[in-house]
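**Student:** Below: sequence and its predicted model.
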Amino acid sequence: MRPTIQTLYDPNLPTILFSLHPLPTEQIRLGEKVLEYRKHFLKHAFQGFVHMTGTHGGVTLFVRCARPLTATPAKLAQLGQQLQHDDPQAIQDYLGAAGIAIPISAVATLPTLSAQTLRAVDPTFVAPRTFVYLDKPQKQALLAFLLSQPYTNYLENDWCTRIKTVRTILGDCPD
C-alpha cells in the first residue's frame, strides 16, 4: 500500500489549493522548477495542493514551500535565470513593478483528481484563480479527502546547494 499525503502533512503550516498551467506543473513535478513567481501571494511558508489547469487538469501535486523571497523583479529574474534557466525578461515583464519568488521545498505526485471527483466531496469546488485555504471549517471534507490520497515520486529540492546563489543575488535565504 502506497503512503498517503497525510504522512507528509504538517498541521502547523497553512494548507492551500492553487492553480498552475500544465507546463510549470510538470516542471515542478520533475524538480526542474524550484521557484514559482507571483505578483502577490502568501508571505509565509505553506503547503498546498496544485490544481493543474486545462482539459486534462485536476489536482496533481502536493507541495511544501518556504517563505517567499522578496526583491526587485530584476533580482528575482536573475535568481530564476541562475537556478532554473528562466528568461529574465519574461519574468520581469510578468512581475511588473513588484513580485515574489516562492521556493518549492518538496513535491509529491498524486493521481490526477478531476474537478468532478472533487465536487463529489465538496459540491462547491471550483478551481481557484489565486488560492483557497483548505484549513477553513467549510473545506475540512475536501482537505481530509486530499490528505488520504496516495502519492508517488516524492522529491525534496536541495536548497542547501542553492543558498549561495540566493545569498549572492538577494542577500537572503529561504526558511
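**Tutor:** That came in fine, so what should we check first?
**Student:** Next, count neighbours for Ile16.
**Tutor:** 22 (other C-beta atoms under 10 Å). Quick note: C-beta positions are derived from backbone N, CA and C, even for glycine.
**Student:** can you give me the offset of the helix or strand harbouring it from its chain's centre?
**Tutor:** Assigned by DSSP states H and E, Ile16 falls within strand 15-20. Relative to the mean C-alpha coordinate of its chain, strand 15-20 is positioned 7 Å out (C-alpha atoms, centre = their mean, to the nearest Å).
**Student:** And the contacts of it?
**Tutor:** 9, 28, 36, 42, 46-53, 59, 127-135, 142-143 (C-beta atoms under 8 Å, 6 or more residues apart in numbering).
**Student:** gap between Thr4 and Ser148?
**Tutor:** 6 Å (C-beta to C-beta, to the nearest Å).
**Student:** Leu8 now?
**Tutor:** For Leu8, the distance to Ser148 - C-beta to C-beta - is 12 Å.
**Student:** what about those two, which has more around it?
**Tutor:** Shown here are Leu8 and Ser148; by other C-beta under 10 Å, Leu8 has more neighbours (17 against 10).
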